[in-house]
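In: mind folding the following:
(one chain, ligands or ions: 4)
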Amino acid sequence: MNINDTAIQSRFANASKIIRRAGELASVYFSQLSTIVVETKANGQDVVSLADREVEKLIRNLISDAYPEDGFLGEEFGLDDGSSGFTWVVDPIDGTSCFVHGQRNWCVAMALVFEGQTAAGLVFDPNADELFSAIAGKGAHLNGEALSVDLSTDLQHGLTSVGANGRVPPKVISSFIHELLEAGGMFVRSGSGALSLAHVACGRLAAYYEPHMNAWDCIAAQCIIREAGGWVNDFLSEGSLSAGGPVIGCAPQLRAPILSLIDKARDTT
Ligand code: IPD
Ligand code: CA
Ligand code: CA
Ligand code: CA
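Out: Ligands and ions are numbered 1, 2, ... in the order given. Sure thing, here's the model as predicted:
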């Protein structure tokens with residue numbers, strides 16, 4: 001085992017505890033929804049609450065206490081550069097619009113990036129007490145049990161989750177849904193892209209597509225899908241840590257069908 005393997009494994013073990021603490025804090029706010037301050041960031045779907053900020057502060061503090069030289073990018077407070085080569089990419093609450101309406105589709109997501117590659121990913125769903133996690137090259141787990149994408153499904157029998165947001169024209173999303181339905185598939189939208197991607201990793205969903213996400217939304221769960229035997233687009237090469245880009249994650253046999261739907265949708269947009 002080389003020095004980086006050891007450094008990654010110790011960070012992963014620590015993050016597995018930190019993400020559960022973060023989930024506990026978020027759950028406290030979730031149980032007192034009427035008292036938390038909800039601010040509108042851009043529109044009714046793009047909101048931020050006191051819970052998002054406090055959960056990110058908790059994770060930032062615990063990471064910087066343990067690894068003061070690591071960088072940290074969080075949705076709510078942006079980027080702190082580091083000098084160790086490691087950067088944490090964190091979404092304190094993914095699915096905030098669900099969270100503030102009392103819907104249980106939300107999670108905490110943490111990724112560890114080393115020299116431009118995702119080295120580990122964790123997604124914690126406190127409502128289901130489910131921790132999805134992976135270290136690159138070492139397989140994916142759900143609460144410690146190995147997990148796999150659904151290798152037997154197809155577009156017509158599995159569910160495809162589609163992410164929608166106000167950052168892309170509505171036609172881009174409606175055209176994809178149109179092509180999916182035309183092909184005999186069916187879509188769902190949970191409101192938490194990170195949790196939906198984690199559900200692709202364990203085979204509950206066949207595929208996930210969203211035309212634009214940010215790194216904190218997707219790279220943790222994309223690492224888990226890859227390690228669960230699935231296919232994901234190379235988000236960190238195609239997009240960037242700050243600009244974002246399209247996100248696809250699916251069982252490997254759905255790579256060609258999903259890419260074909262995206263192409264067809266693009267032709268009609
Ligand atoms: C959002 C959720 C949503 C997705 C958006 C994200 P947030 O993250 O993942 O499902 O469609 O693109 O921005 O704002 O709830 O952390
Ligand atoms: Ca947000
Ligand atoms: Ca998010
Ligand atoms: Ca968020």
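In: now do the contacts for the residue nearest the centre of the chain.
Out: The residue lying closest to the centre of the chain (C-alpha atoms, centre = their mean) is residue 194, at 2.7 Å. The contact partners of residue 194, by C-beta atoms under 8 Å, 6 or more residues apart in numbering, come to 91, 94-95, 107, 109, 123, 217-218, 220-221. In short, each C-beta sits where N, CA and C put it, glycine included.
In: give me every residue in the stretch 101-250 of the chain lying close to ligand 3.
Out: residue 217 (C-beta under 5 Å from the ion).
In: residues making contact with the helix or strand encompassing residue 47?
Out: If you go by DSSP states H and E, residue 47 is part of strand 46-49. Applying C-beta under 8 Å, 6+ apart, the external contacts of strand 46-49 come out as 29, 36-41, 76, 93, 96-97, 99-100, 165-166.
In: quick one: which two of these are the most distant?
Out: 29 and 166 (24.0 Å; C-beta to C-beta).
In: and the two? Which one has more around it.
Out: Comparing residue 29 with residue 166 by neighbour count (other C-beta atoms under 10 Å), the higher total belongs to residue 29, at 19 against 12.
In: so which strand or helix has that one?
Out: Per DSSP H and E: residue 29 is located in helix 3-30.
In: quick check: buried residues in that helix?
Out: Of the residues in helix 3-30, 7-8, 11-12, 15-16, 18-19, 22-23, 25-26, 29-30 count as buried by neighbour count, 16 or more other C-beta atoms under 10 Å.
In: what do you get for stretch 251-269?
Out: Residues of stretch 251-269 classed as buried by neighbour count (16+ other C-beta under 10 Å): 251, 253-255, 257-258, 261-262, 264-265.
In: possible to save these as a markdown table with secondary structure, pLDDT and distance to residue 147?
Out: Rendered in a markdown table, the data for these read as follows (DSSP: H, G, I helix; E, B strand; the rest coil; pLDDT from 0 to 100; distance: C-beta to C-beta, whole Å):
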| residue | secondary structure | pLDDT | distance to residue 147 |
| --- | --- | --- | --- |
| 251 | coil | 98 | 12 |
| 253 | helix | 98 | 17 |
| 254 | helix | 98 | 17 |
| 255 | helix | 98 | 19 |
| 257 | helix | 98 | 22 |
| 258 | helix | 98 | 20 |
| 261 | helix | 98 | 26 |
| 262 | helix | 98 | 26 |
| 264 | helix | 96 | 31 |
| 265 | helix | 96 | 30 |
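In: could I get the buried residues of helix 3-30 as CSV with distance to residue 181?
Out: Below are the buried residues of helix 3-30 laid out as CSV (distance: C-beta to C-beta, whole Å):
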residue, distance to residue 181
7, 47
8, 42
11, 43
12, 40
15, 39
16, 39
18, 41
19, 36
22, 37
23, 35
25, 40
26, 35
29, 37
30, 34
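In: quick one: what helix or strand has the residue nearest to the centre of the chain in it?
Out: Assigned by DSSP H and E, residue 194 belongs to helix 193-201.
In: what about that helix, near ligand 4?
Out: No: judged by C-beta under 5 Å from the ion, helix 193-201 and ligand 4 are separated, with a smallest distance of 8.5 Å.
In: can you tell me the average pLDDT over the next helix or strand after that helix?
Out: Per DSSP H and E, the first helix or strand lying C-terminal to helix 193-201 is strand 207-213. For strand 207-213, mean pLDDT rounds to 97.
In: packing partners for the lowest-mean-pLDDT helix or strand in the chain?
Out: Ranked by mean pLDDT, DSSP states H and E, the weakest helix or strand in the chain is strand 38-43, scoring a mean of 75. In this structure, strand 38-43 packs against strand 46-49, with contacts taken as 3 or more C-beta pairs under 8 Å, 6 or more residues apart in numbering; DSSP states H and E.
In: now the strand it packs on: buried residues?
Out: Neighbour-count burial for strand 46-49 flags 47-49 (criterion: 16+ other C-beta under 10 Å).
In: and stretch 140-154, by the same measure?
Out: For stretch 140-154, a neighbour-count test (16+ other C-beta under 10 Å) marks 140-142, 147, 149-150, 153 as buried.
In: what residue ranges in the stretch 101-250 of the chain score low on pLDDT?
Out: For the stretch 101-250 of the chain, the stretches with pLDDT under 70 are 239.
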